[in-house]
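Peer 1: Sequence and predicted structure below; questions after.
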Amino acid sequence: MKIESAKVIVTCPGRNFVTLKIMTDEGLYGLGDATLNGRELAVVSYLEDHVIPCLVGRDAHRIEDTWQYLYRGAYWRRGPVTMTAIAAVDTALWDLKAKAAGLPLYQLLGGKSRESVLVYGHANGKDIEQALDEVASYVDMGYKAIRIQCGVPGLPSTYGVSKDRLFYEPADGALPTENVWSSEKYLDWTPKLFEKARARFGFEPHFLHDVHHRLTPIEAARLGRSLEPYRLFWLEDPTPAENQQAFRLIRQGTVTPLAVGEVFSSIHDCRELIEEQLIDYIRCTVVHAGGITHLRQIAGLAALYQVRTGCHGATDLSPVTMGAALHFDLSIHNFGIQEYMRHTPETDAVFPHAYQFAQGSLAPGDQPGHGVDVDEELAAQYPYRRAYLPVNRLQDGTLHNW
Ligand code: KDG
Ligand code: MG
């Protein structure tokens, strides 16, 4: 099966998505997500100008060789743009191989390790009351795991609390909007949120929380310790992880489980975190970490150290990533949980998909391939719109992590 051509589809049904479509001489096509939120066109150019010319004529079945060709062949390794572009090719080739075999992708990855995939949804509110009402609606929908974020008194806005409660992940400005942050206020407030959440819902639902890289290691240790009575499923991205050793300090201070990795693009970003058992969950996912081929290596390393997976699944990752991730989640042994933010009806219409939610879990379906398609005519009705993620400043004006 030879690759005959490939093209990049850019669409904005409310937010931007980049999709790679690879066509073969056997009439089959495969799809891969190539969306890098806020920097989408860099990956479009990487694919169109540098990758697609190398794909034409290649054997579509040689997934590993193509991965190595693009990774080693570029000379310039790793990084989010490169690894997202490689991921798109890799995902499309796995989709093709499974379609050629007439099998759902999870069968090629070793078959099912479970019947469906535990997911967590996002509850948020401008205050604790509103956030907990939102938790109640997730419990009613059948969710067994819920991330909770809420506004902090004295701060006009904070991460995870949206204008639109359902479809949050903002990349909403033609230029970046500016937020204001105070770690002191946040550290004093957040334990109250989880105290009230446990008082209202008991200990049955799993609760998660995302710090979004905003604390120092010692502040993160303090937060983790103060949340211990409320038994979080995980505390996410407590501090930036460029320095993986920073997590040693957090680990020494708390037994709250730690999750990290949504911004990682390769196994080298998390090798020490995993080998030194500094985290409990690794959050890399298909689109930003080199596709299924590379993600399997990360999960394989993690399995040696009892680190489980918790793939990133915000709405800026397209349904193509969600579909592919679910096949991966279903197949590996050390699966932990899958993030699931629902896409808008407009996005779902552009990307018809086989995966389905029931009783707090998602199942990828049994269509050949990863089970996600793209309606190109509909996609063309939503042209690209430049959109940035916000930036974040401390109260004295110092630029901080968003
Ligand atoms: O594009 C950035 C988002 O994907 C990120 O802010 C979402 O932190 C996030 C999460 O945990 O879903
Ligand atoms: Mg996150």
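Peer 2: Sure, I can see it. Ligands and ions are numbered 1, 2, ... in the order given.
Peer 1: The nearest residue to residue 380 once chain neighbours are set aside: neighbour count?
Peer 2: For residue 380, ignoring the flanking residues on the chain, the nearest one in space by Cβ to Cβ, 6 or more residues apart in numbering is residue 11 at 7.4 Å. Placement of C-beta: from N, CA and C, glycine included. Number of residues near residue 11 (other Cβ atoms under 10 Å) recorded here: 25.
Peer 1: Got phi/psi on residue 11?
Peer 2: phi -140, psi 150 (degrees, to the nearest 10).
Peer 1: what about the strands in the stretch 201-350 of the chain?
Peer 2: 206-210, 234-236, 258-260, 281-282, 308-311, 335-339 (DSSP state E, counting those that start in this stretch).
Peer 1: wait, what's in contact with the residue nearest the centre of the chain?
Peer 2: Compute the mean C-alpha point of the chain, and by Cα atoms, centre = their mean the closest residue is residue 312, 2.1 Å away. By Cβ atoms under 8 Å, 6 or more residues apart in numbering, residue 312 lies in contact with 261-262, 283-285, 288, 339.
Peer 1: and these near ligand 1, which?
Peer 2: 262, 339 (Cβ under 6 Å from any ligand atom).
Peer 1: As CSV, the contacts of residue 312 with distance to ligand 2 and neighbour count would be great.
Peer 2: What follows is those, written out as CSV (distance: Cβ to the ion, whole Å; neighbours: other Cβ atoms under 10 Å):
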residue, distance to ligand 2, neighbour count
261, 9, 28
262, 5, 23
283, 7, 26
284, 12, 28
285, 11, 30
288, 12, 27
339, 8, 25
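Peer 1: which of the contacts of residue 312 sit farthest apart?
Peer 2: Taking Cβ to Cβ as the measure, the contacts of residue 312 span a maximum distance of 13.0 Å, between 288 and 339.
Peer 1: Now that we're looking at the residue of the stretch 201-350 of the chain found nearest ligand 1, what pLDDT does it have?
Peer 2: Ligand 1 sits closest to residue 314 of the stretch 201-350 of the chain, with a gap of 3.4 Å, by Cβ to the nearest ligand atom. Per-residue pLDDT puts residue 314 at 96.
Peer 1: and what of residue 127?
Peer 2: Looking at residue 127, its pLDDT is 96.
Peer 1: what sits against the closest residue to it other than its chain neighbours?
Peer 2: Closest residue to residue 127 apart from its sequence neighbours, by Cβ to Cβ, 6+ apart: residue 151 at 5.6 Å. Residues in contact with residue 151 (Cβ under 8 Å, 6+ apart) are 125-127, 157-158, 161.
Peer 1: For PyMOL, write a command that selects the buried ones of those.
Peer 2: Of these, the buried ones go into a single PyMOL selection, burial set by 16 or more other Cβ atoms under 10 Å:
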select buried, resi 125+126+157+158+161
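Peer 1: Any chance of the contacts of residue 151 in a markdown table with secondary structure and distance to residue 80 as columns?
Peer 2: Shown next, in a markdown table, are the contacts of residue 151 (DSSP: H, G, I helix; E, B strand; the rest coil; distance: Cβ to Cβ, whole Å):
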| residue | secondary structure | distance to residue 80 |
| --- | --- | --- |
| 125 | strand | 31 |
| 126 | coil | 31 |
| 127 | coil | 34 |
| 157 | coil | 25 |
| 158 | coil | 24 |
| 161 | coil | 25 |
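Peer 1: Just the closest of the contacts of residue 151 to residue 29, please.
Peer 2: Of the contacts of residue 151, the one sitting nearest to residue 29 (Cβ to Cβ) turns out to be residue 161, at 39.7 Å.
Peer 1: so how far is residue 380 from residue 374?
Peer 2: 11 Å (Cβ to Cβ, to the nearest Å).
Peer 1: Those two: which is more packed in?
Peer 2: Taking neighbours as other Cβ under 10 Å, residue 374 and residue 380 compare with residue 374 leading, 21 against 12.
Peer 1: Does that one belong to a helix, a strand or coil?
Peer 2: What DSSP: H, G, I helix; E, B strand; the rest coil gives for residue 374 is coil.
Peer 1: so what's it up against?
Peer 2: 9, 11, 19, 21, 31, 320, 350-351.
Peer 1: and which of those is nearest to ligand 2?
Peer 2: residue 320 (19.8 Å; Cβ to the ion).
Peer 1: Spatially nearest residue to the closest one (excluding sequence neighbours)?
Peer 2: In space, residue 320 is closest to residue 33, 3.9 Å off (Cβ to Cβ, 6+ apart).
Peer 1: Please name the bridge partners of the one you found.
Peer 2: residue 19 (DSSP bridges).
Peer 1: Excluding covalently adjacent residues, which one is nearest to the residue nearest to the centre of the chain?
Peer 2: Closest to residue 312 by Cβ to Cβ, 6+ apart is residue 262, at 3.9 Å.
Peer 1: Dump stretch 49-65 to CSV, keeping only the CA atoms.
Peer 2: Extracted in CSV, the C-alpha atoms of stretch 49-65 (Å, rounded to 0.1, in the frame of the first residue of the first chain):
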residue,chain,number,x,y,z
ASP,A,49,6.6,22.3,3.2
HIS,A,50,8.8,19.6,4.8
VAL,A,51,7.0,16.3,5.5
ILE,A,52,4.5,15.6,2.8
PRO,A,53,7.1,15.7,0.0
CYS,A,54,8.9,12.9,1.8
LEU,A,55,5.8,10.8,2.3
VAL,A,56,4.7,10.4,-1.3
GLY,A,57,5.6,7.0,-2.7
ARG,A,58,6.5,5.4,0.7
ASP,A,59,5.0,2.1,1.9
ALA,A,60,2.2,3.1,4.2
HIS,A,61,2.6,-0.1,6.3
ARG,A,62,6.2,0.9,7.4
ILE,A,63,5.1,3.0,10.4
GLU,A,64,8.2,2.5,12.5
ASP,A,65,10.6,3.2,9.6
